[in-house]
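J.: Okay, predicted coordinates and the sequence, questions at the end:
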Amino acid sequence: MSIAPAAERRKPWEERNVVVALILAVLVPGLGHLYQGRVVKGLIYFFGILGLFFWGVKLGEGIVVYNTPEKGLTRKITLHYAAQFGAGLVSYPALLQKQRITKNNNTIRQLDRPLSANFKGSLIDSHSDAEAGKLDGVITLKPESGEYGPETKGIFTGKLDGQPVKLELGGNFFLDRPIAAGFRRTLKIGVTGGIENGRVMVGSIPRSFIDGYGVPPDPDQLQEVTGRLGKQHELALVFTWIAGLLNILAIWDCVQGPAYGFGDEAWQTPDPEDKTNPTIIDPSLPVVSATTPA
Amino acid sequence: MPSSLLVLAQTVNVTWYLLPLAMIISLVYSASRFELPDRILRRATWLFLQIIGFMGIVFGVLWVLSYKM
């Protein structure tokens, strides 16, 4: 079963450029090993570490990877993010997204271009705030000029509590910022026609991975997601932290080789008669210790 | 069938997530100790059992201490 390498391949981590291997290992878990031809270990690191990292991202609904150092502190990277940083490229967007959210990233009260997306949410009675049913379908919106200025109108086609429904939409429009933490974007709009007239659709449409990944969440958003997901969100964070820390072991292995050796070495009992071995103690010598009188 | 599995997965206690987590930690840690795949797998299996065993003992102790509380 053992696939022992040839004698000349006992140190594969020294066969290729160590600096290149180090950079690759830092950027992508396992990539340095693949570069060195250590395919099995490379795949273990790649799928193990990145799988754990993205599983955490999925469990935390995308609101997991971010860096939000407290204002006034000299430390610019939180311990939370420092652990995730070890996972490599997958954690770096958090540094960039912090800059992106400050530029032209406001909530939208009226659309300036047509929009079509899958919508999931609820139909709410605007008077009693009671939920009238679950909505799942496609929402199509476009800007129109109305009596008092620009308006956002459109149509929802999908299912209300499992029953096919088509709703005309207009008024009370609100759409969350284009760039924010998480992969869902809050949308709210009133219903204008039919028996559902006067009710409001409240739900979310998908946000692109680029605009939702690595973005620091607002305190309110963080409170909402931690309250809703509870322990699952904590576990999601732990997964990403452990993934980042495990990659440090992988980077070390990529540069210095495995800590204990190949794994096929046989332990040899030292010969007690070997005078050249300094670890062998001559039994004829007196035992000297700190308590032995001089 | 897939939707029922999804519902089941959502209702599963988060404690069960520790099993695959322990498995990945065992595998990656063992891979950083040895080079040969079969040695890595043997070591990872043993480490996984140790982790699960330790967590099981802690669970048992806590369960006994909190009995009838």
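T.: Okay, I see it. Residues are numbered from 1 along each chain as shown, chains lettered A, B, ... in the order given.
J.: Strands of the stretch 101-250 of chain A, residue ranges please.
T.: Secondary structure of the stretch 101-250 of chain A (DSSP state E, counting those that start in this stretch): strands located at A:115-125, A:131-146, A:149-160, A:163-170, A:174-175, A:184-190, A:199-206.
J.: Just send these back as JSON lines, with distance to residue A:222 too.
T.: C-beta coordinates here come from the backbone N, C-alpha and C atoms, glycine included. JSON lines is the format used below for these (distance: least, CB to CB, whole Å):
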{"stretch": "strand A:115-125", "distance to residue A:222": "21"}
{"stretch": "strand A:131-146", "distance to residue A:222": "25"}
{"stretch": "strand A:149-160", "distance to residue A:222": "29"}
{"stretch": "strand A:163-170", "distance to residue A:222": "30"}
{"stretch": "strand A:174-175", "distance to residue A:222": "20"}
{"stretch": "strand A:184-190", "distance to residue A:222": "15"}
{"stretch": "strand A:199-206", "distance to residue A:222": "17"}
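J.: can I get those in a markdown table with mean neighbour count?
T.: Formatted as a markdown table, those follow (neighbours: other CB atoms under 10 Å in any protein chain shown):
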| stretch | mean neighbour count |
| --- | --- |
| strand A:115-125 | 17 |
| strand A:131-146 | 16 |
| strand A:149-160 | 17 |
| strand A:163-170 | 16 |
| strand A:174-175 | 18 |
| strand A:184-190 | 20 |
| strand A:199-206 | 19 |
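J.: can you put these in TSV and add distance to chain B and mean pLDDT?
T.: Listed next are the strands of the stretch 101-250 of chain A as TSV, based on distance: least, CB to the nearest CB, whole Å; pLDDT from 0 to 100:
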stretch	distance to chain B	mean pLDDT
strand A:115-125	15	92
strand A:131-146	13	90
strand A:149-160	15	90
strand A:163-170	18	90
strand A:174-175	28	90
strand A:184-190	17	92
strand A:199-206	18	92
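J.: Nearest to residue A:58 among those would be which one?
T.: Minimum separation from residue A:58 across the strands of the stretch 101-250 of chain A (CB to CB) falls at strand A:184-190, 13.1 Å.
J.: Select the longest helix from chain B.
T.: Counting residues, the longest helix found in chain B (DSSP state H) is helix B:37-65.
J.: quick one: low-confidence ranges for chain B?
T.: For chain B, the stretches with pLDDT under 70 are B:1-12.
J.: where does it come near chain A, residue by residue?
T.: B:14, B:17, B:21, B:24-25, B:27-29, B:31-40, B:43 (CB under 8 Å from any CB of the partner chain).
J.: Got a quick ChimeraX command for the buried subset of these?
T.: The ChimeraX command for the buried members of those (criterion: 16 or more other CB atoms under 10 Å in any protein chain shown) is given here:
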select /B:17,21,24,25,27,28,29,31,32,33,34,35,36,37,39,40,43
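J.: hang on, the earlier thing: going by neighbour count, list what's buried in the longest helix of chain B.
T.: Going by 16+ other CB under 10 Å, helix B:37-65 has these buried residues: B:37, B:39, B:40, B:41, B:43, B:44, B:47, B:48, B:51.
J.: Is the second one in contact with residue A:263, as I believe?
T.: It stands for residue B:39. Yes. Using CB atoms under 8 Å, residue B:39 is in contact with residue A:263, at 3.2 Å.
J.: how close does residue A:89 get to residue A:229?
T.: Computed with CB to CB, to the nearest Å, the distance linking residue A:89 and residue A:229 is 26 Å.
J.: Specify which residue of those two has the higher count of neighbours.
T.: More crowded of residue A:89 and residue A:229, by other CB atoms under 10 Å in any protein chain shown: residue A:229, with 17 against 12.
J.: Kindly state the pLDDT recorded for the more buried one?
T.: With respect to pLDDT, residue A:229 scores 91.
J.: same thing with residue A:291?
T.: The model's pLDDT for residue A:291 equals 66.
J.: What residue in chain A comes nearest to chain B?
T.: Using CB to the nearest CB, the single residue of chain A nearest to chain B is residue A:263, 3.2 Å away.
J.: Nearest residue to the most centrally placed residue in chain B in space, ignoring adjacent ones along the chain?
T.: Geometric centre of chain B, nearest residue: residue B:19, 2.5 Å, by CA atoms, centre = their mean. Once flanking residues are discounted, residue B:19 sits nearest to residue B:52: 7.3 Å by CB to CB, 6 or more residues apart in numbering or on different chains.
J.: these two touch, right, the one you found and residue B:23?
T.: No. Under the criterion of CB under 8 Å, residue B:52 makes no contact with residue B:23, lying 9.2 Å away.
J.: where does the stretch 1-150 of chain A dip in pLDDT?
T.: Looking at the stretch 1-150 of chain A by pLDDT under 70, you get A:1-9.
J.: can you give me the helices in it?
T.: Taking DSSP state H, counting those that start in this stretch as the test, the helices found in the stretch 1-150 of chain A are A:18-27, A:31-35, A:39-59, A:79-85, A:93-100.
J.: want to throw the ones you listed into TSV with distance to residue A:257 and mean neighbour count?
T.: TSV is the format used below for the helices of the stretch 1-150 of chain A (distance: least, CB to CB, whole Å; neighbours: other CB atoms under 10 Å in any protein chain shown):
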stretch	distance to residue A:257	mean neighbour count
helix A:18-27	11	17
helix A:31-35	11	22
helix A:39-59	11	21
helix A:79-85	24	19
helix A:93-100	31	16
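J.: thinking again about what came up before, count the neighbours of the residue of chain A closest to chain B for me.
T.: By other CB under 10 Å, the residues close to residue A:263 number 19.
J.: my guess is it meets residue B:37, correct?
T.: No. Using CB under 8 Å, residue A:263 makes no contact with residue B:37, being 9.0 Å away.
J.: Since that was my last question, I'll sign off now.
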